[in-house]
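Novice: No letters, just coordinates:
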């Protein structure tokens, strides 16, 4: 793969909601994507993540119903003009994708002394998020869509997939083949929020410098 191909994958990556074909991602592709996730950098090489693959229609349906309830709660808390903008935005593709991957974090993974985490405990969770980014880019390269669902109560998801004590959910990812990747991200297309230009995010030496 050339550098330009890699940059194109990064540009093409989208948070997918409505474009899933309904076909399941095949096992070989799924394992390649998970292997990419498992190769992510992690603080102290602790690899504090686990990946729970969920395909049971009953479980997918229960989670979708829970997320729908949370969507209603969020909508009700919005001012009228933002609620109108939010109305057409699809927030999940849980049943349409056919595959959910729950990414978790275990703080005790790697033992009591995790090299590099002593002063910044959050680096453990950051490591799990790096695994998600690896998974997302690998999936994009395979023509597989990924949608990160964050409208849920962690306690509900913990019980739904049977997480033991000490393991917390970081993300539910909807994963499946897609008809297309949208050229413009959904939140921009629907007018929720536009992206910032890179020039606004770069600082030199000090913030604002």
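Specialist: Good, I have the coordinates. Predicted model only: the values in this text are computed from it and were never measured.

Novice: where do the strands sit along this structure?
Specialist: In the chain, the strands defined using DSSP state E lie at 49-54, 100-106, 144-149, 167-177.

Novice: any idea which of the ones you listed is most buried?
Specialist: Across the strands of the chain, averaging neighbours per residue (mean count of other Cβ atoms under 10 Å) puts strand 144-149 on top, at a mean of 24. Where you see a C-beta, it was placed from the backbone N, CA and C, and this is true even at glycine.

Novice: Quick check: buried residues in the helix or strand bottoming out on mean pLDDT in the chain?
Specialist: Within the chain, no helix or strand scores below helix 186-189, which has a mean of 84 by mean pLDDT, DSSP states H and E. Judged by neighbour count using 16 or more other Cβ atoms under 10 Å, the buried positions of helix 186-189 are residue 186.

Novice: is the residue most central in space within the chain in a bridge, and if so with what?
Specialist: The centre of the chain sits closest to residue 148, judged by Cα atoms, centre = their mean, with a distance of 3.3 Å. Beta-bridge partners for residue 148, by DSSP bridges, are residue 173.

Novice: Please shift the residue numbers so they start at 51 in all later answers.
Specialist: Happy to do that; since the first residue is 51 now, the last one works out to residue 198.

Novice: what's the distance between it and residue 192?
Specialist: Per Cβ to Cβ, to the nearest Å, residue 198 is found 17 Å from residue 192.

Novice: Kindly report the same for residue 247.
Specialist: 30 Å.

Novice: Quick one: residues in contact with stretch 95-106.
Specialist: Stretch 95-106 is touched from outside by 74, 80, 84, 87-88, 90, 92, 110, 113, 148-157, 159-160, 164-165, 167, 174, 177-178, 181, 211, 217, 220, with contacts defined as Cβ atoms under 8 Å, 6 or more residues apart in numbering.

Novice: In helices, which of those residues fall?
Specialist: The members of the contacts of stretch 95-106 that map onto helices under DSSP state H are 80, 84, 87-88, 110, 113, 174, 177-178, 181.

Novice: More neighbours: residue 247 and residue 192, which one.
Specialist: residue 192 (17 against 8; other Cβ atoms under 10 Å).

Novice: Nearest residue to the more buried one in space, please, no chain neighbours.
Specialist: Excluding the flanking residues, the one nearest residue 192 by Cβ to Cβ, 6 or more residues apart in numbering is residue 79, at 5.4 Å.

Novice: That neighbour touches residue 191, doesn't it?
Specialist: No - the pair residue 79 / residue 191 is not scored as a contact, 10.4 Å apart, by Cβ atoms under 8 Å.

Novice: Give me the buried subset of the contacts of stretch 95-106.
Specialist: The buried subset of these (16+ other Cβ under 10 Å) comprises 80, 84, 87, 90, 92, 110, 113, 148-156, 159-160, 164, 167, 174, 177-178, 181, 211, 217, 220.

Novice: Can you check the pLDDT for the residue sitting furthest away from the middle of the chain?
Specialist: Going by Cα atoms, centre = their mean, the residue of the chain most distant from its centre is residue 259, 32.5 Å out. Looking at residue 259, its pLDDT stands at 76.

Novice: Right, I'll leave it there.
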